[in-house]
Structure formats: structure tokens, C-alpha cells
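> Give me the fold of what follows.
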Amino acid sequence: MADLITIDPNICYGKPCIRGLRYPVENVLEWLASGMTIEDILTDYEELTREDILAALAFAVRLMAVKRVDSLAA
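Residues are numbered from 1 along each chain as shown. Coordinates of the predicted model:
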């Protein structure tokens with residue numbers, strides 16, 4: 001799944017994206033956090049696949065694998 005997430009400075013300012021498309025991982029996570037289901041996303045964004053969505057989640061998990069998290073200022 002790692003090959004589904006690409007980082008290209010010429011696409012979305014270098015944000016991690018799905019397969020080089022202009023769908024940043026950040027957007028996919030926001031859609032899921034807002035309550036959209038995977039099926040909702042696939043219906044609205046036909047270029048994406050279930051594997052793309054799962055790859056975005058796996059990418060987020062890897063980013064959270066840190067030793068310490070300080071509280072964020074509001």
C-alpha cells in the first residue's frame with residue numbers, strides 16, 4: 001500500500017497524495033473524520049479505490065508512530 005501514497009513537489013505543493021492524483025491524504029482523512037464512509041467517498045470520487053482510502057489511513061498510522069505527543073495549542 002505504501003506505493004499508493006506519493007509525494008511530488010509539483011503536485012499539491014508536495015503534500016502526500018493518492019497515486020500522484022490531486023487527492024491529498026489530508027483530504028481523505030478529513031472526509032472520513034466528517035462521517036463520510038468509504039463507500040460515500042468512492043461514490044463521490046470515482047478515481048479513488050478502496051485500497052487508496054486504506055493506504056491513506058495506513059499512512060496516517062505511520063505518521064502517528066511517534067514516541068511522544070505534546071498537547072497542541074488551540
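
> Would you confirm that residue 56 contacts residue 18?
Yes - at 6.5 Å, residue 56 counts as touching residue 18 under the criterion of C-beta atoms under 8 Å. Every residue, glycine included, has its C-beta placed from N, CA and C.

> Now list whatever residues contact both of these two.
By the contact definition C-beta atoms under 8 Å, 6 or more residues apart in numbering, residue 56 and residue 18 are jointly contacted by 5, 25, 28.

> before we move on, back to that, residue 56 and residue 18: who's more crowded?
Between residue 56 and residue 18, counting by other C-beta atoms under 10 Å, residue 56 is the more crowded of the two (27 against 24).

> And the pLDDT for that one?
As summarised for this prediction, residue 56 has a pLDDT of 97.

> for it, helix, strand, or coil?
Put simply, residue 56 is helix when judged by DSSP: H, G, I helix; E, B strand; the rest coil.

> What residue, apart from its backbone neighbours, is nearest it spatially?
Of all residues beyond its chain neighbours, the one nearest residue 56 is residue 28 (4.1 Å), with distances taken as C-beta to C-beta, 6 or more residues apart in numbering.

> Pull the contacting residues for that neighbour.
Residue 28 sits next to 18, 41, 48, 52-53, 56 when contact means C-beta under 8 Å, 6+ apart.
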